[in-house]
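*Asks:* Here is my input, please return the structure:
(4 chains, ligands or ions: 6)
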Amino acid sequence: MNLEVKLPGLTLKNPIMPASGCFGFGKEYSEFYDLSRLGAIIMKAATQFERFGNPTPRVAETSSGMLNAIGLQNPGVERIIANEVPRLAEYDTSIIANVAGSSLEEYIFVARAFNETNDVNALELNISCPNVKEGGIQFGTDPDMAKKVTAAVKEASNLPVYVKLSPNVTNIAEMAKAVEEAGADGLSMINTLTGMKLHLPTGKPLIANQTGGLSGPAIKPIAIRMIYEVRQQVSIPIIGMGGISTAEDVLEFLQAGADAVAVGTANFQNPFACVDIIDALPETLIKYQYTSVQDVIERRGAVV
Amino acid sequence: MNLEVKLPGLTLKNPIMPASGCFGFGKEYSEFYDLSRLGAIIMKAATQFERFGNPTPRVAETSSGMLNAIGLQNPGVERIIANEVPRLAEYDTSIIANVAGSSLEEYIFVARAFNETNDVNALELNISCPNVKEGGIQFGTDPDMAKKVTAAVKEASNLPVYVKLSPNVTNIAEMAKAVEEAGADGLSMINTLTGMKLHLPTGKPLIANQTGGLSGPAIKPIAIRMIYEVRQQVSIPIIGMGGISTAEDVLEFLQAGADAVAVGTANFQNPFACVDIIDALPETLIKYQYTSVQDVIERRGAVV
Amino acid sequence: MMKKRHEMKVLSVETIAKETVEMKLYQPEVSQQTVPGQFLHLLVPGFTLRRPISIAKVDRQEGTVTILFKIVGGGTKALAAYQPGMTVDALGPNGNGFSIDDVSEGGRVLLIGGGIGIPPIYHLAKRLSEKNVELVAVLGFQSKDYVFYEEAFKKIAETYVVTNDGSYGHQGFVTHVFPEVGAFDQYFSCGPLPMLRAVTTELQDSKGKVSLEERMGCGVGACMACVLPTVDNSYKKICSDGPVFSAQEVIL
Amino acid sequence: MMKKRHEMKVLSVETIAKETVEMKLYQPEVSQQTVPGQFLHLLVPGFTLRRPISIAKVDRQEGTVTILFKIVGGGTKALAAYQPGMTVDALGPNGNGFSIDDVSEGGRVLLIGGGIGIPPIYHLAKRLSEKNVELVAVLGFQSKDYVFYEEAFKKIAETYVVTNDGSYGHQGFVTHVFPEVGAFDQYFSCGPLPMLRAVTTELQDSKGKVSLEERMGCGVGACMACVLPTVDNSYKKICSDGPVFSAQEVIL
Ligand SMILES: Cc1cc2nc3c(=O)[nH]c(=O)nc-3n(C[C@H](O)[C@H](O)[C@H](O)COP(=O)(O)OP(=O)(O)OC[C@H]3O[C@@H](n4cnc5c(N)ncnc54)[C@H](O)[C@@H]3O)c2cc1C
Ligand SMILES: Cc1cc2nc3c(=O)[nH]c(=O)nc-3n(C[C@H](O)[C@H](O)[C@H](O)COP(=O)(O)OP(=O)(O)OC[C@H]3O[C@@H](n4cnc5c(N)ncnc54)[C@H](O)[C@@H]3O)c2cc1C
Ligand SMILES: Cc1cc2nc3c(=O)[nH]c(=O)nc-3n(C[C@H](O)[C@H](O)[C@H](O)COP(=O)(O)O)c2cc1C
Ligand SMILES: Cc1cc2nc3c(=O)[nH]c(=O)nc-3n(C[C@H](O)[C@H](O)[C@H](O)COP(=O)(O)O)c2cc1C
Ligand code: FES
Ligand code: FES
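*Replies:* Numbering: from 1, shown residues only, chains lettered A, B, ... in the order given. Ligands and ions are numbered 1, 2, ... in the order given. As a prediction, this is how the structure comes out:
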């Protein structure tokens, strides 16, 4: 079955990619399977300088989900380009770089840095990481700020830019429209919802950073709602994510309005999550009477 | 063990009450146990006139949660006062009326109506039900609107008013501060998060209303985060809810900043949820070295 | 007496037709109380909401209750994997069943069941067979592989089997054999909504009772998830007022 | 060779001390590959994250792997309820174990285990006992009820048991018996963080290796949940660079 999807800058053999931060730079999961099977790989966030991230504990389990506050730990964009991208480029798959920052200048620096390599196919502009105290969050919750950073990164980069939206907002469609207006080539949604878990013996937050981002199946209904809502109001493609762990979940995201999807937390439970989903997707599409991934995307037009 | 909690208008023998909409008017669950065991009962939303609610399906299951879009079906405030309140008043427990509406006038009408009975101890002002198309949602997401309706209801009512906040906002503390300023006696949080589930064979929303409110353990980390955040910034009491199903959950809510709690979705899985939690609470408090519910509330001051 | 949460012991689990599982449970109290048309509300660990499943037969001597279910999603799949000796947490019997007080001795009753709607009709048939009543049963299935309980029905009723694809019995919908079944005093039906719509329309001049389904929250009448409009401009709750209603009373 | 997800068959489940369960699993491949200090990353249905549990012994002849765990929360409680014949989904062996290449023949090694940190130390002790090395083991437990594997250690090591409350063996912390254990070339330790801090401080002039714990996301090195600062201003991942580190290398 034809699982191909074409998006700005990306021709994906299938619509499945690991979500940023849940797959490192692919090295560890390459010990489980051939990464060439993936539609694309979204790398862990890159910042201007190396970051050591938050104190531990950084994760906590919740019902059908987990909280994380890694704090964007990464070796910095230059070392990512020098050490990680070339290794990933050996696989027959697309590479998406996740761009993070705590100031407009940092976003621009990181975006521009990725112009140096020919092996990155698109940027995912992470304006939504809820774990950075320095103001990163504001870009993701204020439409004007989101517009500003999107426009600046579009200007700085030679690559298509997918803006990753935060779900921690009153009006997601407003955010989506703002970044579309500012020139975003696509959207990526949703990032994590801000949550907290307490450690009962002390009454204090279990995660050292206090709050963390909630991911996993628990948030899927929120992701589906937001994608559905945004799909009615913007026309650029959407990379959908939030709680995907089965091929049926992928179909639901495509029906809701996504054009491709990313799988995050599910990798932790099942390191083969992405390939298991890719393997199951054809029979799932057949079961629900679709002939290809493109068919789902085209036919939803009639539905909504 | 002393489980008593004193809140404006309410002296609760224990901090556990069924959440609005998840317990009807108590009749059905009174066939499972003696309602006098409950700290209080929060009734299903009351509107000015009878409402038939949304078309079915009205509920859908999600991972560790559920979506609902009942649409405030209720017999109208007059019949609630005439038929439901007197029956509940026979139990040795407090009664909280959930006040809903789609206009300022309706909120005032309903709040005023509850002045007619002596058997209701407090109002829960539901500015957050996401299912009413007529604009009800705006009261819950705009701080000025929230202020306005709170002030109007305070003015209209002789009873303490607990304002029930919606989690579907960028800044929950801002909402909490707004209603505190407007004179709210307490807060109730959180209501459901707006979500959606699709029916794969049709690609359409499973719930007739399209979106529904997400409740259950899936949302607990969001509830805890919001209560923790609000507790730092407002001083009025909080009735906490969102995914509670065990006595340990109750302790987590109290530690986070709640002064009492409500149990919603858990009643559906276990009709004895509230009393099972009440029974388990003393040993849970002992396990974590607390001497009473009040002790948890007092000692968290030192923690945050 | 207060209502309870029952621990029902699984005695057997058997696949009796395609995707169709029969499960026998031991719980004397429930077995005593149940009337045809009532359902159990089953907790399946890992799922938020309970699953409503009709009672297909009871054996009060043994203290057992038998249910039949079709594997359609995660909950029924998990239930199908239960082993004898395990227990199922159940509420019930829930709802109001088929009232048969108005079925007169010597009368003739038409029973119409579709797919997994057949189990409660079987329970009803057994109860009616204890009365002096002539029974005609029309049972609809998707195809041959799905057929179950045909022999059991044949023992107590004149039985017509219909399959959508004609792979067994008559071809078509249950309504297609109505011309053959002759006169009857009253009908009882349970099955998918499109079938019930066709049945109630076709038989609109006859007295009848239908058993309905809806997605449920509480299953006990508290949450208003399962309401159904009634002809008098009001509503009924399927879980507690139903699942059985007079065909004349409700709007399908 | 690519890494796998293993289905490990449960052979036995036994409570060997208070809240402490020993589980024997059949999986020849894992049994062959494991070195002391490595862990399994176990999937417990109904929980989002896998549970890291150290390997306490292997029997390569039998193709088995034994783990020991303390019931502390939902995941370990569910695991404790497993029955022989069931299977557990595991990744592993994960991480880098205790390297013993630098333990010289004829040397003397100090082993320090605290509570549920003792199983990997036992595995190490067994492996070291195959070498010509003198072993001294200091085992700390909360109280008498929690003591396990004392006899097993006594067979291969000079063994000191310490309990916090003095209800068995020496009273106090593991560090309290250090004056009695005599000279050693190297130490290996696993246990709760406060114990490891005390041990590494007390023995700061000795060569040592410690096995650490942290809450994990992926368990394979991809998510950065389990990092630990190192003395060279960098970091290590406990799941993949560890869980065993040189005591001199990391900051506890
Ligand atoms: C009064 C009543 C009696 C029933 N009796 C039987 C019976 O005897 N045998 C049988 O096989 N089925 C019966 N059903 C349908 C049965 O409840 C569903 O097939 C079952 O709940 C599906 O669960 P699942 O987890 O396998 O499917 P999923 O689709 O994964 O379930 C997801 C959610 O939708 C609900 N749901 C899905 N389908 C239905 C449905 N048709 N009706 C109500 N809720 C549904 C589930 O309960 C669950 O909450 C009955 C339904 C009702 C309302
Ligand atoms: C490398 C390593 C080896 C371990 N070996 C053993 C062993 O051999 N025997 C044993 O009993 N325990 C061991 N532990 C601790 C064990 O992983 C936890 O006790 C267990 O995960 C608790 O799960 P739970 O569901 O019962 O508890 P819960 O507290 O309900 O677990 C909630 C979450 O917190 C995590 N968590 C809780 N405590 C710990 C902890 N101490 N370390 C890491 N994560 C934790 C759980 O994995 C889960 O994600 C080891 C931990 C690590 C990191
Ligand atoms: C441990 C962890 C780390 C993450 N790191 C990043 C990140 O660096 N950049 C980013 O844009 N999103 C990050 N995310 C968010 C995911 O990419 C994804 O948007 C989110 O987890 C929802 O998908 P899921 O439910 O499939 O995990 C991270 C998520 C997790 C769980
Ligand atoms: C079926 C259903 C109906 C509800 N109806 C109301 C309502 O009428 N008024 C209201 O304020 N909240 C209503 N709620 C929200 C709950 O009171 C509660 O805030 C929410 O469900 C979170 O708690 P829980 O996770 O314990 O269910 C309803 C929730 C459910 C599940
Ligand atoms: S399911 Fe709750 S009222 Fe019927
Ligand atoms: S747990 Fe993911 S890197 Fe260690």
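*Asks:* what sits up against the longest helix seen in chain C?
*Replies:* In chain C, with assignment by DSSP state H, the single longest helix is helix C:118-129. Contact with helix C:118-129 is made by C:35-37, C:39, C:54-58, C:67-68, C:97-98, C:100, C:103, C:109, C:111-113, C:135, C:137, C:139, C:148-149, C:152-153, C:156-157, C:188-191, C:211, as judged by C-beta atoms under 8 Å, 6 or more residues apart in numbering or on different chains. All C-beta atoms are positioned from the backbone trio N, CA, C, and that covers glycine.
*Asks:* What mean pLDDT does the helix or strand that that helix is followed by get?
*Replies:* Remark: after helix C:118-129, the chain's next helix or strand is strand C:134-141, criterion DSSP states H and E. What strand C:134-141 shows for mean pLDDT is 93.
*Asks:* which other helices and strands contact strand C:134-141?
*Replies:* Here strand C:134-141 touches strand C:108-114, helix C:118-129, helix C:150-156, strand C:158-163, helix C:178-181, going by 3 or more C-beta pairs under 8 Å, 6 or more residues apart in numbering or on different chains; DSSP states H and E.
*Asks:* rank the ones you listed by pLDDT, which is bottom?
*Replies:* Mean pLDDT per stretch puts helix C:178-181 lowest among the helices and strands packed on strand C:134-141, at a mean of 86.
*Asks:* contacting residues around that one?
*Replies:* Residues outside helix C:178-181 that contact it (C-beta under 8 Å, 6+ apart) are C:110, C:136, C:138, C:158, C:160, C:202-203.
*Asks:* any idea how far the helix or strand containing A:Lys220 is from the chain center?
*Replies:* Assessed by DSSP H and E, A:Lys220 sits inside helix A:220-233. Averaging C-alpha positions (C-alpha atoms, centre = their mean, to the nearest Å) puts helix A:220-233 15 Å from its chain's average.
*Asks:* Is any residue of stretch A:188-204 near ligand 4?
*Replies:* No. Stretch A:188-204 is not in contact with ligand 4 by C-beta under 6 Å from any ligand atom; minimum separation 13.7 Å.
*Asks:* end-to-end on that stretch?
*Replies:* End-to-end span of stretch A:188-204 (C-alpha to C-alpha, to the nearest Å): 33 Å.
*Asks:* Which residue comes closest to C:Gly85 once chain neighbours are left out?
*Replies:* Distances taken as C-beta to C-beta, 6 or more residues apart in numbering or on different chains place C:Val10 nearest to C:Gly85, at 6.6 Å, with adjacent residues excluded.
*Asks:* so what's the residue in the stretch 201-304 of chain A that chain B sits nearest to closest to, chain neighbours aside?
*Replies:* Closest contact between the stretch 201-304 of chain A and chain B, by C-beta to the nearest C-beta, is at A:Pro221 (3.1 Å). Leaving out its chain neighbours, the residue that sits closest to A:Pro221 by C-beta to C-beta, 6+ apart is B:Gly195, at 3.1 Å.
*Asks:* Now for that neighbour: which residues touch it?
*Replies:* Neighbouring residues of B:Gly195 by C-beta under 8 Å, 6+ apart: A:221-222, A:224-225, B:62, B:67, B:211-214.
*Asks:* Try it again at 6 Å.
*Replies:* Neighbour list for B:Gly195: A:221-222, A:225, B:67, B:214 [criterion: C-beta atoms under 6 Å, 6 or more residues apart in numbering or on different chains].
*Asks:* With C:Ser189 instead?
*Replies:* Counted by C-beta under 6 Å, 6+ apart, C:Ser189 has contacts C:112, C:199, C:210.
*Asks:* Recalculate using a threshold of 8 Å.
*Replies:* Applying C-beta under 8 Å, 6+ apart to C:Ser189 gives the contacts C:111-114, C:117, C:121, C:195-196, C:199-200, C:208-211, C:247.
*Asks:* Now for the chain, the helix or strand with the poorest mean pLDDT.
*Replies:* Using chain A here. Within chain A, no helix or strand scores below helix A:136-141, which has a mean of 75 by mean pLDDT, DSSP states H and E.
*Asks:* wrong one, chain C
*Replies:* For chain C, judged by mean pLDDT, DSSP H and E, that is helix C:178-181, with a mean of 86.
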